[in-house]
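S.K.: Here is a sequence together with a model predicted from it:
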Amino acid sequence: MGIIVAIGGYNFESVVDEKIKTPIIIDKTILSLMDKATPNVLFLPTASSDKQSYINSIKKIYKDKLKANFDVLLFH
């Protein structure tokens, strides 16, 4: 059986700019719950459609910094 973890409520762009360190700790902890060397992450933007720059920030964290497989499900 798989694990689904939902998170939200912080500014990923601040993390990419390295203004905030705590969310990376949270993200590393969540990824450690997966029993995979390269976990899968699916980002679901808000219903109002997040800006591409915001999506790119999240991708930079999960794919580039945390080495996870990253994908986005767009609703538009």
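M.R.: Thanks, I have it. Numbering: from 1, shown residues only.

S.K.: so who does I30 touch?
M.R.: Under the criterion of CB atoms under 8 Å, 6 or more residues apart in numbering, the neighbours of I30 are 5, 7. (C-beta placed from N, C-alpha, C; glycine too.)

S.K.: What's the mean pLDDT across the strand or helix carrying it?
M.R.: Using DSSP states H and E, I30 sits in helix 22-32. Average pLDDT, helix 22-32: 79.

S.K.: The nearest residue to F43 once chain neighbours are set aside and Y54, how far apart?
M.R.: In this structure, F43 finds its nearest non-sequential neighbour in V72, 4.8 Å apart by CB to CB, 6 or more residues apart in numbering. V72 sits 11 Å away from Y54, going by CB to CB, to the nearest Å.

S.K.: What of K67?
M.R.: 21 Å.

S.K.: and if you look at G2?
M.R.: From G2 to Y54 the distance is 26 Å (CB to CB).

S.K.: Who has more neighbours out of these two?
M.R.: Between G2 and Y54, counted using other CB atoms under 10 Å, Y54 has the larger neighbour count: 17 against 5.

S.K.: Please enumerate the strands of the protein.
M.R.: Using DSSP state E, the strands of the chain run over 40-43, 69-72.

S.K.: picking that back up, now for the residue nearest to F43, how many residues are close by?
M.R.: By other CB under 10 Å, the residues close to V72 number 15.

S.K.: can you give me the helices for this protein?
M.R.: With DSSP state H as the criterion, the chain has helices at 12-16, 22-32, 52-59.

S.K.: Please name whichever of these is nearest to T38.
M.R.: helix 22-32 (9.5 Å; CB to CB).

S.K.: got CSV for the helices of the chain, with distance to A6 too?
M.R.: Shown next, in CSV, are the helices of the chain (distance: least, CB to CB, whole Å):
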stretch, distance to A6
helix 12-16, 15
helix 22-32, 10
helix 52-59, 14
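
S.K.: so where's the protein shaky on pLDDT?
M.R.: Within the chain, the segments meeting pLDDT under 70 span 1, 8-23, 47-49.
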